[in-house]
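Asks: sequence plus the predicted model coming up.
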Amino acid sequence: MARDSLPPPKPSPGFEETFAQFERTVQALESGSLTLEQATNLFQEGMRLARACHEMLDAAELKIKQLQVNFGQQIRLINGEGDGPC
């Protein structure tokens with residue numbers, strides 16, 4: 001199969017979708033109807049999903065902090081409160 005005919009990769013699921021999947025995983029674990037092997041595998045998947053959610057939240061927090069800093073710098077420049085970096 002030629003490279004040009006390969007479909008584009010699927011985008012990664014967003015936070016909401018990943019968190020919903022995490023919630024379904026937790027519910028399945030809480031049901032108590034799984035074998036030990038199933039529960040162990042599902043727990044592992046739940047930990048992967050929790051880590052993915054945490055990483056997405058960290059990235060969003062960093063972006064918000066950067067926006068706040070940039071906004072603060074813009075306001076200081078508009079108000080004439082600084083000639084140099086913060």
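Replies: Good, I have the coordinates.

Asks: switch to C-alpha atoms for all contacts and neighbour counts from now on
Replies: Fine.

Asks: where along the chain do the helices fall?
Replies: For the chain, helices defined by DSSP state H occupy the ranges 15-31, 36-79.

Asks: quick one: low-confidence ranges for this structure?
Replies: Low-confidence segments of the chain (pLDDT under 70): 1-4, 82-86.

Asks: about what we covered before: how about the helices of the chain in CSV, adding mean neighbour count and distance to Pro7?
Replies: Shown next, in CSV, are these (neighbours: other C-alpha atoms under 10 Å; distance: least, C-alpha to C-alpha, whole Å):
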stretch, mean neighbour count, distance to Pro7
helix 15-31, 15, 22
helix 36-79, 14, 25
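
Asks: switch those helices over to CSV; also include distance to Leu6.
Replies: Output for those, formatted as CSV (distance: least, C-alpha to C-alpha, whole Å):
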stretch, distance to Leu6
helix 15-31, 25
helix 36-79, 27
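
Asks: if I read this right, Phe43 contacts Leu29, doesn't it?
Replies: Yes. Using C-alpha atoms under 8 Å, Phe43 makes contact with Leu29 at a distance of 7.4 Å.

Asks: quick check: the residue located most distally from the centre of the chain vs Gln73, distance?
Replies: The outermost residue of the chain relative to its centre, with distances by C-alpha atoms, centre = their mean, is Gly80 at 37.6 Å. Gly80 sits 10 Å away from Gln73, going by C-alpha to C-alpha, to the nearest Å.
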